[in-house]
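Student: Structure of the sequence below:
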Amino acid sequence: PADAVADFAGYGPVPDVAAHGAVPSADREPGSAPTRLPLSLSVGAWLLARAGATVPARFVGWDAATPSAVAHRWGRDLAGGTADRPVGLLVLADGFADPSRRVAGRTVELADGLLADARRGVSQGAPDVLRGLDAELARACGVTARPVWQVLAGAFTAPLARVWFDQAPYGIGYLVATWEPGSPEGTGS
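Tutor: Model prediction:
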C-alpha cells in the first residue's frame, strides 16, 4: 500500500527509520495507522533510503507457496525496463540458516542440498540453478525464500555475479551479491 512504512519494532533501535524507510502516506485515511512493511521489505526500504535512492520504488513480497512458474514470470516482468527507464532490483531473502535447527531426520540432508544449490545459484550468477529449486522440497524443509530466488532468476539469463559478503555469524548465513546483466530476460537491467 502507498501508506506503508518500514517497521523494525522488536529488532532494536534503527536511527532515523521513519526518515529512511517511510513511503509517502497521501492515500492514508486521516487518523489511521500506516501499514507496516514486513521486516525484509523494511530492510529494503531502509537500504534504498540510505543509498540516497530517489527513484520510485515498488515493494513486493512473495509467499513461500508461490509456484515456480509465477515467480519466474514476475522476474521477467520486473526486469522489463527500457534504455531510458532502466529497472534495478533489490532482492532480499531469508539467510542460509543451519537447517538442522529447523528440520529433523533425512530432511536435514535434503535442506543442506537445497541451500547449497541456492547459495551456488546466487553467488555464481546461475539463474538456471535457482529456477530449478524444488518448491515441494523447499516447503518440506521450511525454506521460505525459494520463490524470491526464483523471481531473481526469472529476471536474468546470464548475469555477471560478484559476491561482496558471505559469512555465517551466529549460525545464520549472510550472502550479499550483485548481479549485473550479461543477458537480461527483459530489456532493462
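
Student: if I look at the residue positioned nearest the centre of the chain, how far off is Ser42?
Tutor: In the chain, the centroid-proximal residue (C-alpha atoms, centre = their mean) is Leu92; its distance is 2.6 Å. Noted for Leu92: a distance of 10 Å to Ser42, by C-beta to C-beta, to the nearest Å. (Glycine included, C-beta is placed from N, CA and C.)

Student: Could you do Val143 as well?
Tutor: 21 Å.

Student: Make sure the residue nearest to the centre of the chain is actually in contact with Trp149.
Tutor: No: between Leu92 and Trp149 there is no contact under C-beta atoms under 8 Å: 10.9 Å.

Student: for the chain, what spans make up the strands?
Tutor: Counting by DSSP state E, the chain has strands at residues 96-97, 160-167, 172-180.

Student: Can you tell me which of these is most buried?
Tutor: Of all the strands of the chain, strand 96-97 has the most neighbours on average by mean count of other C-beta atoms under 10 Å, namely a mean of 20.

Student: low-confidence ranges in this protein?
Tutor: The chain contains residues with pLDDT under 70 at 1-3, 13-32, 95-108, 183-189.

Student: Quick one, which of the strands of the chain gets closest to Ala65.
Tutor: Between Ala65 and these, the shortest separation by C-beta to C-beta is 19.5 Å, and it involves strand 96-97.

Student: May I see the strands of the chain organised as JSON lines, with distance to Val55 added?
Tutor: Shown next, in JSON lines, are the strands of the chain (distance: least, C-beta to C-beta, whole Å):
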{"stretch": "strand 96-97", "distance to Val55": "30"}
{"stretch": "strand 160-167", "distance to Val55": "22"}
{"stretch": "strand 172-180", "distance to Val55": "17"}
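
Student: Compare those strands and give me the one nearest Trp74.
Tutor: Using C-beta to C-beta, the strands of the chain put strand 172-180 closest to Trp74, at 15.8 Å.

Student: Quick one: distance of that closest one to the chain centre.
Tutor: Counting by C-alpha atoms, centre = their mean, to the nearest Å, strand 172-180 is centred 10 Å from the centre of its parent chain.

Student: Would you give the sheet partners of it, along with the direction of each?
Tutor: strand 96-97 (antiparallel), strand 160-167 (antiparallel) (DSSP bridges).

Student: on that earlier part again, show me the one of the strands of the chain that comes nearest Arg131.
Tutor: Once the strands of the chain are compared by C-beta to C-beta, strand 172-180 is nearest, at 13.9 Å.

Student: need the helices for this protein, in chain order.
Tutor: 17-21, 39-50, 68-78, 107-123, 127-131, 135-141, 146-154 (DSSP state H).

Student: Of those, which stretch is the most buried?
Tutor: helix 146-154 (a mean of 26).
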